[in-house]
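J.: got a structure for you, letters missing:
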């Protein structure tokens, strides 16, 4: 009896570990693909079970293939599914790791990365490297990594998330919003076929999106505070916005640090565009949809961003900059997103 009970417990543990291993976005994506193709994998819940495996076996059999028992790049490439591989160092708190996974699940549900992104990482999986800034970069294969970015070597790309220790010490929401920011860049790259200029629409969009995300899920945002900190951005937003079209002309080192270091200036221009679009009898949700998504889709076919701008927004860039010059720092409250606006309302 004891041996049978012990065997049952071991089997149950193996089953639970297997479920936990397979409970991810890749599995959910495969389940959705199988359902779309007329197979019956059960609910697309990200948990790999008998129904999912049976459906996959039926699909593979129709292609003259067999399942090796592992969900890996073979299946992802077969279904043209893009996924992330998490490389998370144990220097990060367990609470952060759990929250990171929750955030990634929400983002991948609301903003699925376009399969076009596969060609820009040169494989079906993109690595995410994350660690606590209190330790040296622990990933020997990428020793040059630091900060937060979407990096690449001309052959493939990866996400870097070095989280400063002070952000844990002072309960900074940036330790979470930075995940959203970098993910949004992956989304932009996939939609636009890696045509991500101008800088103010690229970085301004990512900055605004991350702040809207943390406002929705954590009840607070630093967007207004960043706008009110004069040292973070320049009045050149109003007088010479073309400087914000490129990274090398929109950031300046001052005694207070780097101007636009939090992309506040780009975010202000971005939100001014949203405000101007609403004057055309476009709802707030639709205006954000245009700047967050539709512009980048247009960019995939139009390499000239100014032409893509005019096609998407029905206004040329010179006219928009003229209208921008009529704004001032006093208009901060007027352009801020509604607190009640949810990202799901935009990406429906």
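T.: That came in fine, so what should we check first? None of the values given here were measured: they were computed from a predicted structure.

J.: now residue 41: which helix or strand?
T.: Using DSSP states H and E, residue 41 sits in no helix or strand.

J.: whoops, residue 175 was the one
T.: helix 174-192.

J.: by contact count, what packs against that helix?
T.: helix 94-110, strand 148-152, strand 157-163, helix 165-169, helix 199-218, helix 295-299 (3 or more CB pairs under 8 Å, 6 or more residues apart in numbering; DSSP states H and E). Quick note: C-beta positions are derived from backbone N, CA and C, even for glycine.

J.: most tightly packed of those?
T.: Highest mean neighbour count of those: helix 199-218, a mean of 24 (counted as mean count of other CB atoms under 10 Å).

J.: by contact count, what packs against that helix?
T.: Identification of packing neighbours for helix 199-218 by 3+ CB pairs under 8 Å, 6+ apart yields helix 94-110, helix 174-192, helix 223-228, helix 247-250, helix 264-278, helix 343-346.

J.: any weak-confidence spans in the stretch 51-200 of the chain?
T.: 114-123 (pLDDT under 70).

J.: surely residue 284 and residue 341 touch.
T.: Yes. With contact defined as CB atoms under 8 Å, residue 284 counts as touching residue 341 (6.1 Å).

J.: just send the helices and strands packed on helix 199-218 back as CSV, with distance to residue 44 too.
T.: What follows is the helices and strands packed on helix 199-218, written out as CSV (distance: least, CB to CB, whole Å):
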stretch, distance to residue 44
helix 94-110, 10
helix 174-192, 21
helix 223-228, 34
helix 247-250, 39
helix 264-278, 33
helix 343-346, 17
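
J.: out of those, nearest to residue 204?
T.: Residue 204 lies closest to helix 264-278 among these, at 3.3 Å (CB to CB).

J.: what about that closest one, average pLDDT?
T.: The pLDDT scores in helix 264-278 average 97.

J.: continuing past that helix, what's the next helix or strand?
T.: helix 284-289.

J.: which neighbouring elements make contact with that next one?
T.: So helix 284-289, by 3+ CB pairs under 8 Å, 6+ apart, packs with helix 264-278, helix 343-346.

J.: and the ones you listed, which is most packed in?
T.: helix 264-278 (a mean of 24).

J.: chain center to the helix holding residue 175, what's the gap?
T.: In terms of CA atoms, centre = their mean, to the nearest Å, the centre of helix 174-192 is set 3 Å apart from its chain centre.

J.: what residues sit buried inside it?
T.: 174-192 (16 or more other CB atoms under 10 Å).

J.: circling back: hey, what's in contact with both of residue 284 and residue 341?
T.: Common contact partners of residue 284 and residue 341 (CB atoms under 8 Å, 6 or more residues apart in numbering): none.

J.: tell me who's in contact with the residue most central in space within the chain.
T.: By CA atoms, centre = their mean, the mean C-alpha position of the chain lies nearest to residue 183, the distance being 1.9 Å. Residue 183 sits next to 104, 107, 111, 159 when contact means CB under 8 Å, 6+ apart.

J.: likewise for residue 223?
T.: When the contact criterion is CB under 8 Å, 6+ apart, the partners of residue 223 are 207-208, 211, 215, 267, 336.

J.: what does residue 243 give?
T.: Neighbour list for residue 243: 236, 249-250 [criterion: CB under 8 Å, 6+ apart].

J.: what's the helix or strand for the closest residue to residue 139 other than its chain neighbours?
T.: Leaving aside its sequence neighbours, residue 139 sits nearest to residue 129 (CB to CB, 6 or more residues apart in numbering; 5.2 Å). Using DSSP H and E, residue 129 maps to strand 125-132.

J.: which neighbouring elements make contact with that strand?
T.: strand 83-88, strand 157-163.

J.: confirm for me that the residue nearest to residue 139 is in contact with residue 159.
T.: Yes. Shown here, residue 129 and residue 159 form a contact pair, counting by CB under 8 Å, at 7.0 Å.

J.: show me the contacts for residue 85.
T.: Contacts of residue 85 by CB under 8 Å, 6+ apart are 125-128.

J.: tell me how far residue 347 lies from residue 184.
T.: 11 Å (CB to CB, to the nearest Å).

J.: which residues are in contact with both of these two?
T.: residue 111.

J.: buried set for stretch 333-348?
T.: Neighbour-count burial for stretch 333-348 flags 335-337, 342-343, 346-347 (criterion: 16+ other CB under 10 Å).

J.: before we move on, the earlier item: would you format the contacts of residue 85 as JSON lines with distance to residue 54 and neighbour count included?
T.: Shown next, in JSON lines, are these (distance: CB to CB, whole Å; neighbours: other CB atoms under 10 Å):
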{"residue": "125", "distance to residue 54": "25", "neighbour count": "18"}
{"residue": "126", "distance to residue 54": "30", "neighbour count": "21"}
{"residue": "127", "distance to residue 54": "31", "neighbour count": "18"}
{"residue": "128", "distance to residue 54": "32", "neighbour count": "20"}
